[in-house]
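Q: How does the following fold in three dimensions:
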Amino acid sequence: MVVGGWQRDGGVDWKTLAWEGGLCRRKRFEPSATSDPLIAVCAGSTTRGVPFPDEHSLALFRFLLPSLARTADCGFRYLAVVGYDVGDGFFDGAAGKAKVARPAALRGLSIELELVRVENAIQKPGPVFTAVTKAAYDRGANYIYRVNDDSEMHTPWARSFVNAIEAMGPPYGVVGPESLNKNILVHDFTHRLHMDIFDQQYYPPSLTDWYVDDWISRVYGNSRTIRAKNCRVEHHTGAHGQRYNADTSKASSVDGLVLVGARKISAWANGNGAEAAAREILSEKLDGKSATKARAREIP
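A: Sure thing, here's the model as predicted:
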């Protein structure tokens, strides 16, 4: 049963999923305590157009999940939230679910996996991103990191991202890793407050594919949008190719959506004792200086 367009998958006993690696083990740290902040790494995955998909060939298992375990910093709990379409030939079948759920050895780090089944008639990333980020929020995630299933993390990132977000103070902002694209954040890390400000919609619902990156890279403004030079991610777009048709007609709506979003952030800030931040964010948009490049910084 799909409720409200998406559901957490209840068909499998979702035990802790683990992968070889993990900085905590190598540094002789104990596994994370239950009081540690929870970071949800959110992605969508589809086998549409992928011949003979299995746990050995899919980018999710080749790149994202192993690299998450290899690069995870200690002092945090991690939840990988992966959304898939209803009817997916791999994820939405008993055999595929069993393969995903199979536990493996993990060296001293607990990473939980949650699958989210999404009613996605338009076959676009947008509805899946909405579902996985809402699931992460409902699970109590302190921070949400939206990535892709073909992303590979090459360096530790969690502590740097959290430090950068917390240094901004409410209403916080957005941080992303270094990648080949220097103009926008192709992956984005936010505080859970982002979901409160935007009424549980991580991105504007009208943006269903390409332009979510542009929106999140601009809506918080220059001072609250950071590309972390010391945190590198490789996006393996050639692994499966583009598995959806991009709607380029939405390009003209981005400017307006950025302004609407900035007003939402400013309204929250004004109502919660952050008037200076409200003035800064909104004045930048009204002056036509909305950020088109995330500023690059080294983050400790």
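
Q: Can you show me the strands along the stretch 1-150 of the chain?
A: Secondary structure of the stretch 1-150 of the chain (DSSP state E, counting those that start in this stretch): strands at 6-8, 16-17, 38-44, 77-85, 111-118, 143-146.

Q: What are the buried residues along the longest one?
A: Same thing as strand 77-85. Within strand 77-85, the residues that qualify as buried by neighbour count (16 or more other C-beta atoms under 10 Å) are 77, 78, 79, 80, 81, 82, 83, 84, 85. Any C-beta I mention is one placed from the backbone N, CA and C, and that applies to glycine too.

Q: With the flanking residues excluded, which residue is spatially nearest to the last one?
A: If you skip the residues right next to it in sequence, residue 85 has residue 120 as its closest partner in space, 4.5 Å away by C-beta to C-beta, 6 or more residues apart in numbering.

Q: One more: the second one?
A: Closest residue to residue 78 apart from its sequence neighbours, by C-beta to C-beta, 6+ apart: residue 111 at 4.4 Å.

Q: From the contact counts, what lies against the biggest helix by length in the chain?
A: Under DSSP state H, the helix in the chain containing the largest number of residues is helix 254-271. Using 3 or more C-beta pairs under 8 Å, 6 or more residues apart in numbering; DSSP states H and E as the contact test, the elements touching helix 254-271 are helix 193-197, helix 212-218, helix 275-286.

Q: Show me what secondary structure element comes after the second one.
A: Next helix or strand after helix 212-218 toward the C-terminus (DSSP states H and E): strand 225-235.

Q: so how far is that following strand off the chain centroid?
A: Counting by C-alpha atoms, centre = their mean, to the nearest Å, strand 225-235 is centred 13 Å from the centre of its parent chain.

Q: Paired strands for that strand, with orientation please.
A: Within its sheet, and counting by DSSP bridges, strand 225-235 is paired with strand 151-153 (antiparallel), strand 174-178 (parallel), strand 295-297 (parallel).

Q: And it, what's buried?
A: Per 16+ other C-beta under 10 Å, strand 225-235 contains these buried residues: 225, 226, 227, 228, 231, 233, 234, 235.

Q: before we move on, back to that, worst average pLDDT in the helices and strands packed on helix 254-271?
A: The stretch with the lowest mean pLDDT among these is helix 275-286, at a mean of 83.

Q: Show me which positions of that one end up buried.
A: Across helix 275-286, burial judged by 16+ other C-beta under 10 Å covers 277, 278, 280, 281, 282, 284, 285.

Q: returning to that earlier point: mean pLDDT added to the strands of the stretch 1-150 of the chain, as CSV?
A: CSV is the format used below for the strands of the stretch 1-150 of the chain (pLDDT from 0 to 100):
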stretch, mean pLDDT
strand 6-8, 45
strand 16-17, 39
strand 38-44, 96
strand 77-85, 93
strand 111-118, 88
strand 143-146, 98
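
Q: Need the residue closest to the centroid of the protein.
A: residue 146 (0.9 Å; C-alpha atoms, centre = their mean).

Q: And it, how close does it get to residue 96?
A: The gap separating residue 146 from residue 96 is 23 Å, by C-beta to C-beta, to the nearest Å.
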